[in-house]
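> next input, structure requested:
(chains A and B)
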Amino acid sequence: MRHTSIFVLLLAASSALAQVNRSELFSEELLIERLSANDYLVHFHFKQSSASQRYTELFPPSVVHLAETIPFKSLELHMTSGRWHYHRWGLPLIPSKPGGAELSASFLHSISKDTVEDSQQALRSHWSNLTQSLSGLFCASLSKMASTEAAVQAAPSSPSRGAGLGNNCTQCDNMSNLSSQTTGSYGSSKTHNELPALHAWLPKEPVCAENLTPWLKLLPCRDQAGLAQLLRDRGTLYTAGYHSMGVKILSHFSPNGERVLLQIVQTLTAVITLPHQQSLLHHRPHTGGSNQEASSPPAGTEEVTLGKVLGTSVTRSCPSVDLSRVYIVGGQGVNSTVEEKEGVGEEVRGKGSGHQGKDDARRPHNDGDIRYPSDAPLGAGFMRGGSDGSRRKLGVTIYDTERISPKTVSSLELPDADPRWPTWGLPRCIKYHYFSEAPDITLQTSDYPVKEAARGSSRLGRQAVVTANHYGDPAFCPTWSARQYVTGSGTFRGHMVLELHKSLQTKSLLDSGAAHSSEQAGLMPGLPTIDDDVSRRGDEPGAEGVVGPDELCVYQVVPWYIRVWLHTMELRVDGKVIPFKPPHIHIRHISPAVDRQSPLILDMCLHLPSNSKTVKLTTRFNKAFLRVSEQTPDAHRGIDIPASIITYHDPLAHHTVPGRTHHTSLHPHHQHSTTHLHQSPFTTCSLTNHVKDHKKDSSTEGDNASSIGRCQRGDATSLSQLGLAGGCGTSKEGGVSTEKDLTTEQTPLLLALFEARYQKVYTEGLLIQMPTPDITMPYNVICLSCTVLAVFVGSFMNLLLRTEPGGDLLPLAVEKVGDMTGLSATLGAAAAGKQLTGDKEGLGASPQEGNNGEHVT
Amino acid sequence: MARGKTYILLWIFLFLLAGAPIWWKLTKIQRPNLPHDGMQGILTSITVGFKLPIKILIILHFRHSERFANVVLEQVSSRLLLDRETSPQVEKGMHVHVITGTNATDCMCLTWRSQSVMHGSPIQGAEAAASVRGEADCLAMAVGILGDMAAMLKPGGSSLQELSAADEQPVHPDKLMERLHSLRDEPGTYFLIVSSMTSSFAIHDTPEASPEGPAAELIIGSQRAAVLTLPQIVHPDSDTMLSIQRHVLRNALDRTVPILAAAFWQDYDGEAQAPTLGTLHPSQQGLPVSAAGELLLSLSLCNADPELGYLVWGDFDQLSQLLLEPVKEVLSPALSLSFESQVLLYTTTSVKGAWSDNHTSYVLPQSKLPRFVDGHWGLNVGGGSRKYEGAGVDLQAAVNPSNGVPEHVLHFVTYVPPPEQRPLVVLLPGPGKVPSPTNSFYLPSWGGVHILNPEVLVQIPSRGAAGRDRQHPLTKTQEEILVSSIVTTLRALLLTDSTDTLRQKFGRGGIYYFPATDVQTNSEGSTILGQVDAAEASVSNSLDGKMDSASLESVSWSVHFLDAPHSGFTLWEVDGLMRRRSADAVKSAAELLNSLSLMVLELRNLEMPDLIGQQVHQALASLDQAVEAAQKGDYANACKAAGMAHSFAEAAFSNPAILAQLSYPPSHLVGVYVPLFLPLGMSLVQAVISEAKQLRKIAKSATYLHGH
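Below you'll find the predicted structure:
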């Protein structure tokens, strides 16, 4: 039914496209968030769609070739360097990725080849061709994924699958990160079968500029115009602490198997750390007053702008773009909205170019020959952050870069750092240490020094007092964090350890708000949530507290040459050993490793008490013996093991998930109570429903819709149907509108933000030292074996050629003399026996030999 | 002791008996048995003798004089068949059939084979001669000689007179040739109609288009036929006029037959022509196609500065269907052509045009052209237009080796300069510095660049205009000019030097520039592409349709090349392309097989999978098929088999199993065997020394005994 509805939608989109004669669409969006005093998250999101069957214009033909030659349904490639530091940067707005390359793809298969062998062969063949093609397309070593050792079929799935914990939307829980909203229209009908998706990781794959260049060439304007110009400073980009480049290609098919739409989504996420001095320069003391005071720059200080963070600027807009947006978490628009609501005044203070007053903002800007209506933000709104997009409410300032001067984009001012934020290495999120045994941690004042809080949490038995305000924002921090390491030495004494730590802030908030959550859960009929499951499972053994047990799912892929002894797995919760069996463990999938064929795939869920703080999972392993040809080129560095993937439902999700008319925002910019009417997108399973809900809201709200905004273009319907439109955004030209919920927006970036439905945390990749080959060993073996053989042959020769000393010489000599022997000669010889003996001694004969000669005589 | 030695010898024997097979098995090199003789011999046997034959059907059509016809036959045959400088390939397999109708009711058919031409007079070497009456029967006999095509003659007879529609109603030569091809249309078979009826054929709408009157005229059609019209004489039966006629004929044939030969069979040898104008012509670099004969034409519309507006393809599907598909179809016997399109923005180049007051535009001299295309433009390199079958692709590699070989990519860039550089024109080489009529140039083996200076892009977008509003689709005229340039680029890159030179001789443009192209629209409204190269050389004297002795030394003659509408390639050009591609493929396959054999013989320790052996055998079999098809004159199968042979040879030679082999020098063996043989050698040397000492002792003892 879902497929049918979406296909109808696509048909409508096609007809709409035919009307506007536009078969290709392109959008570019940028999201910026200040993560800490020094760190900035920039997330670029480019999306292109093409309904053309054969020939394209601005849509990259290489992608069309790929879709024509390989019958893939969807593919997603991420190349990441660095690691997302959860405790410094909090829960990522955009799901982070593990280091290295990660590739997922699903394929279609003709129904004519319906045997399992054919399906498997087709799957492997498709996968091999795809990895080879992508390897050439992005100048990466993705062809290493082509082997069966690298690719696995079992994908990490949502924590609710098969575990009894879940919502009513399990069909949406495709953990392949391929959106059900955008891929739900695949032709899974009569003519094609869907082959299982394959996943592969290359944890060692480096990411550098040679990968970015072909990535940029897929954009219509490359990095010559538009927001992609901000990527021109490669130095800034590749010195970032975290850098992830992604490509997602989706093919939409009609029921008869023809491709009707091709989409490519390119994302680039980076966390850029500004130098410390600059950060201190921009540090503005917090006086505890209004936001106006907090945001006013001291005289002589320099503002942090988008261009300065990325080290470059935008000089011109891409002419082929259909939607161009910049979202700044916080920023001018949000402050203005708050000020309006708080009655600060109508005038927005001017702060440089990015802080023009409203009158100035509405004034058209002339940049060369092109006139731009305004340099002011398009509006402001709030959206749900967090990797599950549900619990964190963020004020966002929106800029329509088509309507502002391109040069203004790079001068957009980024939000100020909160003075309470820790600086330089100190985390904003505090976790339970593994060795701290149930510290009595309470949330108290709002002015507790961060350093003390961090230090206190890491000391054994020390009571830590942290604040729930701002730097300790529970919504900012992940509920669980994970780390992974190996211990032991040698080939046979290895231990693989996975540690999970609960966020201190999260647990404190849960403890304090458990009753409230329980009450809320009961008031949401028809919307099963984890709270319902929690309440259902409250009676189960091990369930403690009001909130209910936690469910953590662990997905791990281990290459075959690391032989994990699964029977040695040990689970410790808060330092206590828990039996490794149900109900604490739910094994969802185990695929044992086969040497040189397939890796170990372990997918299991841990059911933990709700007040559990630390989890430690340990298992033993030993290392296989690798052939010389199986060694990596840099064998002494070690072999990388893919990161573990930890997934769980966020227990804080429903602290802010609306559905009711009133809730309290946890965002620091929104400490005041606000009222919002909207439908949570996370309860819908498809874009269709979402669109319907949105339309319904718009129609029923009447005048309220006007406050949300009106469509800016006549073809916004077709754009939205293709997932490219900005929906009906705030259209107060040059002004700042009232706050709105961005979850009703349908821009590609916002849709992508709302796709994930549960939290996913990656561990570090493991690096395991393997026995390395000695390249001189073959020669050593040759020398040793040849020596042995020489000794052997020498002994044989000695045995064969050794003669009896002395005794044998005389008969030979006599034989040589021949018939001349006679008695006289014999006698003569006997008479000369002594003389003969003397000759033998002269020739080196031993005395014993002489005796023998005498004996002969 | 003897028993112990026996045991030792027995153990050694058993050791060798058991160890030798093990050693043999462990040190055996896995490699298939390759037919080295065939692989090396084929380079000299097949490639030299591999020729796709040419059959020429000469129809002499003269109504008035049998003697005149005989003179014409003598001259034509001597010029066509015996002049080895003009057609040196005649002796290699050309078949010539002459059908001569001396008058309206009489005709005779003669057939030559090349061997006869070499050793004797053509008349004596005629294999068949017959004389029948009636023009329709003459045609029927001609067709009958060439095969069993007589049945294709329509009931009622298709007489030459009917085809030519008599003197009073001149017809377009192509229409006549279409009728002839309806009788027999095969690659490599060409009709040459020699006639004295100058007014019978006309390439113009009116017969008065040639004011000089009837003269020697050669019309080379767009299909596989040509018409040679000779001057008409006043008294054809007198001896004086016959001698005059012979002289005039020789004069006319001297000028026209080389052109005809160059058009129809100059590329028969498939050998590279001499460089022209000091540059390397594309024909000397081999055809720009893959081993499987695939060619991808990547069309890029590059907008240097799209700020104020940029060009896009209007509807490339329609453009492809209307304008590019005919080109693809006409070239399909020789190669597989495919297209792709893209629009690129911000394609700036470091080459800037200099303002010229003379041309009132920015000009690009030839010296700047090689650096015009910038590597940052992001031109697509193809590589994926071929669909593969999915499962089992590895198994199919042995059957169809082209699966893993990408097609050759030719780029055609339409460059829209920035507003501050418009108009930008390309200058032709030479002292005149004349702008290129097509404003384009090509780069051998890479493609071509066409510079488009649109007027529409100077519009400033309105306030707040969306980016898409700045795009302007190509107009119909721009598309037609563009496709015309594409066709001309293909002609320059694919056709042989002789054909290209022939066109250039009568056309315009230099070696790196397109000849002038015209786009005409016929009465049906469809687009006619290609060139109308009608150049008249040395029109010295108009004979007004009659000839006398005073005009012996100056004969008016002209050459007309008829164009192929819609496709740009005439059939005889495609035939030449097939001959060239077949010869190239066979030669390349033979060279690859020869190289592979030499390498395998040279590297004794090179392991190879059995797949290489299969591919080698398949390549040899395909070569045999190509030779067999060539002997039959089957162009299509010969071209296909030659391409398959090339593909298999390429796949075998570039097999990754060979490339991935570790290569080490023979001196490496020293490091392996010295530790083995040195200790063994020491034991042996020690034993030999011991034995020598022993023997010397025995000798001394014997001497002593003997002395005593």
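> get me the contact residues on the stretch 551-700 of chain B for chain A.
In this structure, the stretch 551-700 of chain B approaches chain A at residues B:671-672, B:675-676, B:678-680, B:682-684, B:686-687, B:690-691, B:694, B:697-700, judged by CB under 8 Å from any CB of the partner chain. Any C-beta I mention is one placed from the backbone N, CA and C, and that applies to glycine too.
> which other helices and strands does the lengthiest strand in chain A contact?
In chain A, taking DSSP state E as the definition, the longest strand is strand A:259-273. Secondary-structure packing of strand A:259-273 (3 or more CB pairs under 8 Å, 6 or more residues apart in numbering or on different chains; DSSP states H and E): helix A:2-20, strand A:39-50, helix A:61-69, helix A:234-238, strand A:242-253, helix A:748-753.
> average pLDDT for the first one?
Read it as helix A:2-20. Mean per-residue pLDDT for helix A:2-20: 42.
> can you give me the domain boundaries for chain A?
A:22-111+A:119-157+A:193-275+A:303-333+A:393-438, A:476-509+A:547-655+A:748-777 (the TED database).
> need these in TSV (columns: mean neighbour count).
Conversion of the domains of chain A to TSV gives the following (neighbours: other CB atoms under 10 Å in any protein chain shown):
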stretch	mean neighbour count
domain A:22-111+A:119-157+A:193-275+A:303-333+A:393-438	22
domain A:476-509+A:547-655+A:748-777	19
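> so for B:Leu562, which of those domains sits nearest?
domain A:22-111+A:119-157+A:193-275+A:303-333+A:393-438 (32.1 Å; CB to CB).
> least trustworthy helix or strand in the chain by mean pLDDT?
I'll assume chain A. Within chain A, no helix or strand scores below strand A:674-675, which has a mean of 28 by mean pLDDT, DSSP states H and E.
> correction: the question concerned chain B.
Using mean pLDDT, DSSP H and E, the lowest element in chain B is strand B:527-528, with a mean of 26.
> picking up where we left off before, the longest strand of chain A to helix A:61-69, inter-axis angle?
130 degrees (axes from the mean of the first three to the mean of the last three CA atoms, to 10 degrees).
> average model confidence for strand A:259-273?
So the average pLDDT for strand A:259-273 ends up being 92.
> what lines up beside that strand in the sheet?
Under the criterion DSSP bridges, strand A:259-273 sits next to strand A:39-50 (antiparallel), strand A:242-253 (antiparallel) in its sheet.
> possible to save those as a markdown table with mean pLDDT and distance to A:Arg234?
Below are those laid out as a markdown table (pLDDT from 0 to 100; distance: least, CB to CB, whole Å):
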| stretch | mean pLDDT | distance to A:Arg234 |
| --- | --- | --- |
| strand A:39-50 | 93 | 14 |
| strand A:242-253 | 93 | 11 |
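> okay, those in TSV with distance to A:Leu310 next?
Output for these, formatted as TSV (distance: least, CB to CB, whole Å):
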stretch	distance to A:Leu310
strand A:39-50	7
strand A:242-253	12
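> can I see the domain layout of chain B?
B:1-28, B:29-47+B:569-663, B:55-151+B:174-203+B:212-265, B:289-379+B:400-457+B:469-494, B:665-707.
> and those domains: which comes nearest A:Leu801?
Among the domains of chain B, the nearest to A:Leu801 by CB to CB is domain B:665-707 (5.0 Å).
> and the closest one, average pLDDT?
Across domain B:665-707, pLDDT averages out at 80.
> equivalent analysis for stretch B:57-73, please.
Across stretch B:57-73, the average pLDDT comes to 65.
> between the domains of chain B, which one is nearest to A:Pro592?
domain B:29-47+B:569-663 (30.9 Å).
> same list (the domains of chain A) but as JSON lines, adding distance to B:Val381.
Shown next, in JSON lines, are the domains of chain A (distance: least, CB to CB, whole Å):
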{"stretch": "domain A:22-111+A:119-157+A:193-275+A:303-333+A:393-438", "distance to B:Val381": "8"}
{"stretch": "domain A:476-509+A:547-655+A:748-777", "distance to B:Val381": "28"}
